[in-house]
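S.K.: attaching a predicted model along with its sequence, questions to come.
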Amino acid sequence: MNAEEITEKYKVAVIGSGNWGSVAAKLIASNTLNYDIFHDEVRMWVFDETLPSGEKLSDAINQTNVNVKYLPGIELGKNVIADPDLDHAVRDANMLVFVTPHQFVEGVCKRLVGKLRGDVQVISLIKGMEFKVDGPCMISSVISKQLGACCCVLMGANIADEIAEEKFSEATIGYRENKEVAERWARLFATPYFSVTAIQDLEGVELCGTLKNVVAIAAGFVDGLEMGSNTKAAIIRIGLNEMRAFSKRLSPSVREDTFFESCGMADLIATCFGGRNRKVAEAFAIHGGQRPFDDLETEMLQGQKLQGVSTAREVYQVLESNRWFDSFPLFRTVHEICIGNKPPSAIVHYNDFRKAEDKI
Ligand SMILES: NC(=O)C1=CN([C@@H]2O[C@H](COP(=O)(O)OP(=O)(O)OC[C@H]3O[C@@H](n4cnc5c(N)ncnc54)[C@H](O)[C@@H]3O)[C@@H](O)[C@H]2O)C=CC1
Ligand SMILES: O=C(CO)COP(=O)(O)O
């Protein structure tokens, strides 16, 4: 292959190296070796920290090829290079994968303004949203606005630890216009154990991935209160209804069939049974709401971050600013429980749910 052909290859950088970020890098790294259109090397930006051994996390990853803190025991692929220097990690990259917890994305984007190639394409794997003075803003919009780049999303029933062990799962890419770009992203991620479908519903896919974390918190409360399978199924059904109604009010173009893709019902089920939001919310309810989520997160997740509690707050702000409380009792109550205004047992308010369903 000559030098000219090499410069035309797509160069990938992964922004984030947490639990899912590391698994995403592993998936991508297996494909960059398989397909000639991609450069082999995958740069993974690491928000660096010092390990108890005194070693830097980025050095440990490069020496062992394992993210010893966020994904222990799993080899990422020799072509994954951990890079603590953000500017250096994205240099020359024309495919950027954003996968930080959502609360950090704005700060990261600010640091990237003016540093990226003009032809850069972006995908966000981040589940969350921001509430701004002029209303709610999805993470893909935060990224596209700040970087002036087109941004797809990839969401799905994707518990990272299971995909790391190469157990089969599916994911959904949401795109707005450019199918060719979406298909290139699908090629970058798909493996025999990770099946990726691209659909033209950016907003729907991202809203599903974001809102299911609020329902997962509710499912955790139900588990902590030992209310059983029927109650949990009811919470999942009511939650899905609120997800659909909320998504359509924010974005009327959201497609009905999106809720039946991996990003929809499948992710909701996976997270309500196997996710971190569920697990920490269960502990919160077991402690009768007396221990704050922040403390439980620090104690139980070893540096990993919850998205559901802050998303519940952002969703609550949308409900408040639009006077939508009556139509979304589950979303509303999750936030009120999280901040200690109601006990965990308030999650089951049968009458509120039925009244709301008459409205939505
Ligand atoms: N873990 C999972 O199973 C899945 C996660 N997701 C989503 O992917 C996104 C990222 O999640 P994970 O990779 O699991 O991360 P994580 O929950 O493991 O978060 C920890 C990461 O945040 C970084 N961090 C801490 N402080 C920071 C700062 N000030 N600035 C920038 N980074 C900082 C840490 O270095 C670490 O890389 C989230 O939106 C999550 O909802 C999506 C699907 C599955
Ligand atoms: O989004 C996820 C699975 O698709 C992971 O959910 P948690 O953040 O609750 O672990």
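M.R.: Structure received. Source: prediction; values computed, not measured. Ligands and ions are numbered 1, 2, ... in the order given.
S.K.: which parts of this protein sit against ligand 2?
M.R.: Contact residues (Cβ under 6 Å from any ligand atom) of the chain with ligand 2: 127, 157-159, 213, 216, 267, 270-271, 275-277, 307. (Each C-beta comes from the backbone N, C-alpha and C, glycine too.)
S.K.: can you pick the most crowded of the residues you listed?
M.R.: Of all the residues of the chain next to ligand 2, residue 216 has the most neighbours under the rule other Cβ atoms under 10 Å, reaching 32 neighbours.
S.K.: what is the subsequent helix or strand relative to the longest strand along the chain?
M.R.: Criterion DSSP state E: the longest strand present in the chain is strand 38-45. Sequence-wise, the next helix or strand beyond strand 38-45 is helix 57-64, with elements assigned using DSSP states H and E.
S.K.: quick one: average confidence on that next one?
M.R.: When pLDDT is averaged along helix 57-64, the result is 98.
S.K.: what's the answer for stretch 236-244, then?
M.R.: Model confidence over stretch 236-244 averages 97 on the pLDDT scale.
S.K.: start the count at 52 instead of 1 going forward.
M.R.: Fine by me, first position is 52 from now on; the one you just mentioned is stretch 287-295.
S.K.: the closest residue to ligand 2 within the stretch 102-251 of the chain sits in which helix or strand?
M.R.: Ranked by Cβ to the nearest ligand atom, the top residue of the stretch 102-251 of the chain for proximity to ligand 2 is residue 209, at 4.1 Å. Under the criterion of DSSP H and E, residue 209 resides outside all helices and strands.
S.K.: next up, the contacts around the nearest residue to residue 86 once chain neighbours are set aside.
M.R.: Nearest residue to residue 86, sequence neighbours excluded (Cβ to Cβ, 6 or more residues apart in numbering): residue 238, at 6.5 Å. Under the criterion of Cβ atoms under 8 Å, 6 or more residues apart in numbering, the contact partners of residue 238 comprise 82, 86, 88.
S.K.: number of nearby residues for the last one?
M.R.: For residue 88, the neighbour count with other Cβ under 10 Å is 12.
S.K.: coming back round to it: Throw the residues of the chain next to ligand 2 into CSV and include secondary structure and pLDDT, thanks.
M.R.: Rendered in CSV, the data for the residues of the chain next to ligand 2 read as follows (DSSP: H, G, I helix; E, B strand; the rest coil; pLDDT from 0 to 100):
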residue, secondary structure, pLDDT
178, coil, 97
208, coil, 98
209, coil, 98
210, coil, 98
264, helix, 98
267, helix, 98
318, helix, 98
321, helix, 98
322, helix, 98
326, coil, 98
327, helix, 98
328, helix, 98
358, coil, 97
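S.K.: report the two of the residues you listed separated the most.
M.R.: Every pair in the residues of the chain next to ligand 2 was compared (Cβ to Cβ); the two farthest apart turn out to be 208 and 358, at 15.3 Å.
S.K.: quick check: residue 339 vs ligand 2, distance?
M.R.: The gap separating residue 339 from ligand 2 is 22 Å, by Cβ to the nearest ligand atom, to the nearest Å.
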